[in-house]
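Peer 1: sequence first, predicted coordinates after that:
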Amino acid sequence: MASSSKADVTEQEEEEEIDHFNDFTLVSSWERFISEIEATCRQWMAVGPKKLLEKGAVHLDSSDNIYKVKSDLKIAAKVYSMEYYFEVSNNGKTADWNSTLHDLHLCFGVKEFLVISPQSASGVVLDAPEATKLLSTVSIALSNCSSLWPAFVPVHDPSRQSYIGIQNMGTNFTRRFEADRIGSQVPIKFMHLEGLYELFVSKFAYCTADHSMHLFKVHLRMKLTYRTLPHDEDNDNNIQEPDAENADSETSLGGDNLNRKHWDDDCPWNEWYFAEDPVKGFDLVATWSEKVVESSLEMAELENASPHEAENWILAPNLSPILDSSKEDRIGFASQLLLLVNALDISFGVQFVEDFVSVQTPDSDNLNSSMVIPPQAVLDHVLKDLFLEGLQLPSFAKDEHKSFQAIKGAPLESLFTQFCLHSLWFGNCNIRAIAVFWIEFVREIRWHWEESQPLPRIPANGPIDLETCLINQKLQMLAICIQKKREQNEGVDASANMEKMQENIKGGEKSSSFHAKSQAFDGKRDSLFIPEDFNGSKTAVPKFNANSQDVHSADQSCSDSIRRGSSGPVGSMKLLKSCQSLHAPFTQSAPLMTEDMHEERLRAVEASGDSFNFSAQLERERLSSDMSAFKAANPDADFEDFIRWYSPGDWENDESATNLTEGVMDEWPPRGRLSQRMSDHGNFWRKIWVDAPILAAFEQKPLLDPNQEGEKILHHLETLRPRQLLQQMVCTAFRASADILNQTNFGSLKQMNMKMDQLYLTMASTLRSLQVNLSSNISETIEDVRRLCVVFEHVEKLVTLAASLHRKFRQEPRIAEAIFSDFYNFYLPTMEIGLADAVNEKEFDMKLQLSQDERQFVSNMFKPPTANQSWRKVLSMGNHLNGHEPILREIIFTVFDNASDSHYASVDGHDTSSSPRVNEHEIETYRMYTCGTSNDLRVALAVTSHD
C-alpha cells in the first residue's frame, strides 16, 4: 500500500511539472502578439474567401467585388485592428484601373492584403520605430503561416495617405512598399512626365549622370481624367445648337437659343419651376495601354501627345446629389403636390372656404404661422395671368396621354387646371393661401358673368365634357351661358335696329343695300332668324338624306306658304293624311347639364315607379319644343307622323303592308300602328302633343335660360365645401403635372415611356377614391395619396435626367440611352421601396466605353476656355484636350528583370498572382505608381529584392 501511494505521488509531481512547462517563444508581449496574429491569419486562410462571405465579410461601397474582414488585437495598453482585404468573382484576372479598386490595389498592384492600424483618432502609426516594429511583427506571423499576403501599416499624418509594407514572396524574394503624398507646392520637375520618369529611374539606376543620356526599358501605362466645366463656369459654352428636330419648337418659344441662361428653358416644366440639372458634368478617362519607354525624351513626346491617340476613352457622368432618394429638399411638382395633399387633409370638417381666411376659426390649431398669404400685388399678378385677355383657346387634345380620361381632372390648358397649377406655388400651397386665391378667383368669374365677358381658356360651345371634374363642367357651362347671354343682348339690339329700319321703309327712305337684304329675306325665310344655337342636324341628319334639289322642290309645294323652320323633306316619307312630304324641322339643342344635374335626374327616375312617363315629364320642355317645331314644319301632321319621325321604334308596320321601299304605293295610307306604350290611354307624349303650340324653333323660348343657370353655377362655386374643392384640385393637379412631364422630349427611352404609362395607371387607381363623396377611411386615403407623391417624385427625377441626357446627346443617342438605362437599373430598387425606406449607400458609378465614332462628339463637349476662364488656372501639365488639362493623371512605371536562374525556382512554387510578370522568365523588380495634378502628387513605390 505504501509503495503504491508513493508511486501515485510521483506521477502527480510529474504531471504538475508538465502543466507548468514554460513556452519561452511566448514570453514577451510582442511574441504573444505575433502568435495572436498568426492564429488569426491561419483561421482566415483555412476558411477561404467564400466562407468568409458567409461569416459576415463586409463589402466595400467603393468596389464591386472587394470585401474585408476585421479582427481586433491587443498588446499591452494598445489595441490594433487588422483587416484582410480580398476579391471574389474576379475569374483569376488582375483588376485594371478602370475598375473600382481599393486605394492600395492601385498603389502597389496587389490583389489581397492585410492592413494593421492602431485604434486611435488618427488611425495611423505616428512613431517610426513603432511602425517598423509593427510591420516586422506581422511579417514574422505571415512567414510562420507560409502566407504570401502583403501587409501594410499606415504611417505619418493621415492627410499624407502614407503606407509602409512588406511581402514575403517565397524563399528568395521580398517586396517592400512605401507610399507618400505631396499635398502642395509640387516641384515643377514632377509636374511633367519627363521628371516623373527620371524619378522612377533614380530608384534603380546606379549612376549619378544625366538620366536622359541613358536608355532604360521602362514599361509605362497612363490614365488621364478630364472633367467638363461646371454649369456656372460654362454658362456661355454649355449651349448647344438645336438640331432640326427641335429647331421649330425652340423658335416658337420666342427666345434666342443663344440667350438661354438655364439648361431647362425649353422644357415644359420651366413655366412653373427651374429644375437643377441632374447631370453636373462628365469625366472623360483616356488610357494608354502598356508601352516601353527608353528615355526621358520619349516621355517629353508623350506629354505633347493628344488624348485622341489613347487606346481607350471611357465616359463617366457626374450626377447631382439631388437624384439621391434620401434627399427630400428637391423642389418640383412632387413636393408641391404633397403640400396640396396636406391642405386637403386640413380641409375636412370645415364648412366654408372663408373660414380659412381668418385664423380665428374653430380649427385654427391646424393653421400655423408658416401658412402665410402672399401680398395683394402677387395675387393680382396671378389673376391677371389667369384671365389674360386675348388668349387663344388651346387645343385640349394636344399632348394628352392615352390614359388621361381615367383621372377625373381637367384639360391641361383649361382655366381650372391653370388655377390648380398656380395654387401649387401660391403661398407655398398652404390652405390659407388656397382659400384666398379661390375666393378672388370666383369673384373674377362673377365679374365676367355680370359684364358678359367671355371666360378665357374655356370653350363656349359644344357639349359639356362629363369626363372632367365637376368644377370644370360648371365653368364650361357658365362660359356657354355667358355666350348665350351676349347673343340675347345682341339680339335685342338687332331687333331695335330692325324696327328702326322698318320705320325708315314706311317713310320711303329705302336704300339699295336694304333692298338687297330684303330680297335675301324673301328667298330664305325659313332660316333667316335661326340662331346658331338651334341645331337642325341633331334631329334632321339622322332621319333624312335629302340633297339641295329635294329642298328646293319641297319649297314649291302648296304648304310652303305656311311651313316654317323646315330643314328639308325626310327622304320619301309622307304625312299619313295629306300625303305630303314629311319635313324635318330645325330643333333647339338639348339643354346642357353637368354631372350633378344628370345624377339628380337619375335619382328622380329611380324613385318614380313609371320610368317611361316620368322621364317624359323630365324631358317635357325639350319634347314640347321638338313637337312645336315639327308642327310648324309640317302643318298637316298628326301625332302618328311625329312618332314615325322622332321615335321610329314606336311605329309598328303591318307585315302584310305593301312594300313601299321602291316608291310604289298601291294603297294609302300605309298599314301600321303605334306601339303599345304610345297607344295606351292617357299617354303623356300625346298630352304634350296636344298642348304643344305651332312654333318654329327660332320662335320658341330657349330651353336653356342662361341667366338662371349662370346664377346657379356661381352660387355653387361660392358655397363649395373646402374638401370638395381640394379633392378636385388634387386630382386635377396630379393629372396636369403628369401631362406636363409627359410633354418632355427625352428621345426613344423605352424605360421612361413605360414608367410614364405606369404613373398614369397608378394615379388613376389611387385618385379614384377622391372622385366620389369621401366620407369614410379618410386618413387611409390621404396616406395613399401621400405615397402617390413619392411615386411621382421618382418619375419626375427620371424625367429630368432623361431630358438632360437627351439635350446633351441628341447627335449620339446611344450614349444617352446607355447612361439612362444604367441609372434606371441602379435606381429601380429605390423606386420599389419608396423614399421613406430608401437607404442606398452605394453611389452611382458608371463607366461607358466610347467608340471611335463617338470620340469627336464627346471631345466637342470640352469647349475651349474663354478669356474669363483662362486666368483662373495656369496650365502646368501636358496632354491638353481643347485647352483643358487633365484633372488627374495616373501613371504606372514598371521594370522587369530576367529571372531564369535556378535560385528563382522557388517563386514558381508559390502563388505569384500579386506579382505581375511579363512572362515566366521575368519578374517585376520595380514598380512606381504616381497620381495627382500640378498641385498634388502621390507616389507609391514597390521594390522586389533578392534575399
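Peer 2: In hand now; what should we look at? This is a predicted model, so every value here is computed, not measured. Numbering: from 1, shown residues only.

Peer 1: same question for stretch 782-795, mean pLDDT?
Peer 2: In this model, stretch 782-795 has a mean pLDDT of 94.

Peer 1: give me the below-cutoff pLDDT ranges for the stretch 801-947 of the chain.
Peer 2: Filtered on pLDDT under 70, the stretch 801-947 of the chain yields the residue ranges 832-841, 867-875, 899-921, 947.

Peer 1: helices of that one, residue ranges please.
Peer 2: With helices called from DSSP state H, counting those that start in this stretch, the stretch 801-947 of the chain shows them at 813-833, 852-860, 867-870, 905-908.

Peer 1: give me the helices and strands touching the second one, please.
Peer 2: Here helix 852-860 is seen to pack against strand 312-319, helix 813-833 when contacts are counted using 3 or more C-beta pairs under 8 Å, 6 or more residues apart in numbering; DSSP states H and E. In short, each C-beta sits where N, CA and C put it, glycine included.

Peer 1: from the chain's centre, how far out does the following helix or strand past the first one sit?
Peer 2: Read it as strand 312-319. Per DSSP states H and E, the first helix or strand lying C-terminal to strand 312-319 is helix 333-347. Its chain's C-alpha centre and that of helix 333-347 lie 19 Å apart, by C-alpha atoms, centre = their mean, to the nearest Å.

Peer 1: picking up where we left off before, deepest in the core, which of the helices and strands packed on helix 852-860 is it.
Peer 2: Of all these, strand 312-319 carries the top mean neighbour count, a mean of 19, counting by mean count of other C-beta atoms under 10 Å.

Peer 1: quick one, that one and helix 813-833 angle?
Peer 2: Between the axis of strand 312-319 and that of helix 813-833 there is an angle of 40 degrees, by axes from the mean of the first three to the mean of the last three C-alpha atoms, to 10 degrees.

Peer 1: quick one: strands adjacent to strand 312-319?
Peer 2: Here strand 312-319 has these sheet partners by DSSP bridges: strand 279-293 (antiparallel), strand 848-849 (antiparallel).

Peer 1: and the angle from that strand to helix 852-860?
Peer 2: For strand 312-319 against helix 852-860, the angle by the same axes, to 10 degrees is 50 degrees.

Peer 1: what mean pLDDT does strand 312-319 have?
Peer 2: Averaging pLDDT along strand 312-319 yields 94.

Peer 1: report the beta-bridge partners for the closest residue to residue 223 other than its chain neighbours.
Peer 2: Of all residues not flanking residue 223 in the chain, residue 890 sits nearest, at 4.3 Å (C-beta to C-beta, 6 or more residues apart in numbering). Note on residue 890: beta-bridge partners by DSSP bridges are residue 223, residue 931.

Peer 1: coming back round to it: just name the most buried of the strands paired with strand 312-319.
Peer 2: strand 279-293 (a mean of 18).

Peer 1: ok so, going back, which one, of the strands paired with strand 312-319, ends up nearest to residue 116?
Peer 2: Judged by C-beta to C-beta, the one of those that comes nearest to residue 116 is strand 279-293, at 32.6 Å.

Peer 1: center of the protein - which residue?
Peer 2: The centre of the chain sits closest to residue 796, judged by C-alpha atoms, centre = their mean, with a distance of 2.4 Å.

Peer 1: need the distance between the two termini of stretch 424-435.
Peer 2: Using C-alpha to C-alpha, to the nearest Å, the span of stretch 424-435 from its first residue to its last is 13 Å.

Peer 1: check the offset of that stretch from the chain's centre.
Peer 2: Per C-alpha atoms, centre = their mean, the centroid offset for stretch 424-435 relative to its chain is 24 Å.

Peer 1: list the buried residues for that stretch?
Peer 2: The neighbour-count check on stretch 424-435 (16 or more other C-beta atoms under 10 Å) flags 424, 425, 426, 427, 429, 430, 431, 432, 433, 434, 435 as buried.
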